[in-house]
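K.L.:
build me a model:
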Amino acid sequence: MENEFLKKKMELYNSIFNSSEKGKKNMMYSFSLFAANVKCFSNQIYTYSELEKACKNVLYYQNLASLEQYYRSNLLNSNIINTGKIDFEDILKNNKTPIFATFHMGSYRLLNSFLYEKGFKSVLIVRGKVFEEQFENIFNEVKPILKRKKESDIIILDANDRKSIFKIKQLVARGYCLTVYLDGNTGVNDEKGVQTKNHLKIPFLNSNMYIRKGIGQLAYLLKLDIIPVMSYRDVNEKNNIEFLPKILFNAYNNKDYIEKSLLICYKYLENYLVTYPWQWECWMYIHSWINRDANMREKSVKNILNINQYLPFYIGEKEYLTNLETYKILPLKKKSINALQNGELSFFSKTEIKELKNKLVLI
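P.N.:
Numbering: from 1, shown residues only. The predicted structure is shown next:
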């Protein structure tokens, strides 16, 4: 099984880092969004090649996290770091239900396997399509390879199901703990496209973003402590699962707990991203958590492609540019990307060149 895993891991690596020209072309749109997100949130300046490598790392680690859960050796070989001095046996013995709050970072899926083998009865809360994927993966492929204890159990609930809150209350009363991904966000808008009071604007890295308050509200409603958990890989790709100090409900005992507990958790994420920046998969879609001003700054003009503000991508045969500052998509006529990259401005009409300059595609 270990050899099988290593073989699949190498295949995954090659598919991303040694992809074909067609594969690279298919990644261009994702890369343009990734580069825009890094530009928005990071205070560091990266070259094009550095961003390209970083994007590949994010995609690699994202897919590796999925692959690792199917091989128990990855759990057994993980470092379990109990920085918060969590007394797991006391929680199990006395049904002191906590919320284990983590992020889509490192081999984050192994947390569920760890809790299951430790003897926890847990409820994993996810959203929408992820619910369907996780349900099938965990029950058909992950649970059968794990060693359960008598009380071990895992239940998956869809956060979008209005009945879930009643099920959660009943399960917590039966001694089930909760496992959540705090960054399991669907954006600054609700399902109807409207920003709601259920979102909290927080400072994050070099910008601000909107996060859902649901988990904080749930912890407050059920009077549950929160245990932040960070997963990350060291330089040798060895997995670490670190349990951080418990955030106590009784330390607040009022609605301040909702926002402050979330701020503490996201501050942990910020700190870990300093050391392990490209192990967080949300770099690929964090743009959905911010409000974008269409009138953001625009600068002076020359006659070369402005790669600091625009990145090209293809969808089939169609060509586009992504504005890294406003996230707007600019459609192009066929073969424009090649002409822009090679400085062949004669390919464009005078009217087109004027428009490209006005939009700062050319500088």
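
K.L.:
the strands in the stretch 251-363 of the chain, which residues?
P.N.:
Using DSSP state E, counting those that start in this stretch, the strands of the stretch 251-363 of the chain run over 310-315, 318-323, 329-332.

K.L.:
right, I mislabeled it, should have said the stretch 51-200 of the chain
P.N.:
Going by DSSP E, counting those that start in this stretch, the stretch 51-200 of the chain shows strands at 79-81, 98-102, 121-126, 153-158, 177-181, 199-204.

K.L.:
what's the per-residue pLDDT of residue 272 here?
P.N.:
For residue 272, the pLDDT comes out at 96.

K.L.:
spatially nearest residue to it, not counting backbone neighbours?
P.N.:
Excluding its sequence neighbours, the residue lying closest to residue 272 (C-beta to C-beta, 6 or more residues apart in numbering) is residue 230, at 5.3 Å. For the C-beta atoms, the positions are set from N, CA and C on the backbone; glycine is no exception.

K.L.:
picking up where we left off before, just send the strands of the stretch 51-200 of the chain back as a markdown table, with mean neighbour count and mean pLDDT too.
P.N.:
Formatted as a markdown table, the strands of the stretch 51-200 of the chain follow (neighbours: other C-beta atoms under 10 Å; pLDDT from 0 to 100):
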| stretch | mean neighbour count | mean pLDDT |
| --- | --- | --- |
| strand 79-81 | 13 | 97 |
| strand 98-102 | 23 | 96 |
| strand 121-126 | 21 | 91 |
| strand 153-158 | 19 | 90 |
| strand 177-181 | 22 | 94 |
| strand 199-204 | 16 | 88 |
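
K.L.:
just send those back as CSV, with distance to residue 275 too.
P.N.:
Shown next, in CSV, are these (distance: least, C-beta to C-beta, whole Å):
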stretch, distance to residue 275
strand 79-81, 14
strand 98-102, 17
strand 121-126, 27
strand 153-158, 30
strand 177-181, 20
strand 199-204, 17
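
K.L.:
nearest to residue 234, of the ones you listed?
P.N.:
Closest to residue 234 of those, according to C-beta to C-beta: strand 79-81, at 8.2 Å.

K.L.:
how about residues contacting the closest one?
P.N.:
114, 238-243 (C-beta atoms under 8 Å, 6 or more residues apart in numbering).

K.L.:
burial of residue 197, as a residue count?
P.N.:
Residues lying near residue 197 (other C-beta atoms under 10 Å) number 6.

K.L.:
how near is it to residue 204?
P.N.:
Distance of residue 197 to residue 204, given as C-beta to C-beta, to the nearest Å: 20 Å.

K.L.:
and if you look at residue 150?
P.N.:
42 Å.

K.L.:
mind checking the backbone torsions on the residue nearest to residue 272?
P.N.:
phi -120, psi 130 (degrees, to the nearest 10).

K.L.:
for it, what are its contacts?
P.N.:
Residue 230 neighbours (C-beta under 8 Å, 6+ apart): 102-103, 105-106, 241-242, 244, 268-269, 272.

K.L.:
and what of residue 126?
P.N.:
134, 156-159, 181, 184.

K.L.:
beta partners of it?
P.N.:
residue 158 (DSSP bridges).

K.L.:
ditto for residue 232
P.N.:
Beta-bridge partners, per DSSP bridges, of residue 232: residue 240.

K.L.:
that one - how many residues pack around it?
P.N.:
So residue 232, with other C-beta under 10 Å, has 23 neighbours.

K.L.:
roughly how far does it sit from residue 67?
P.N.:
Counting by C-beta to C-beta, the gap from residue 232 to residue 67 is 17 Å.
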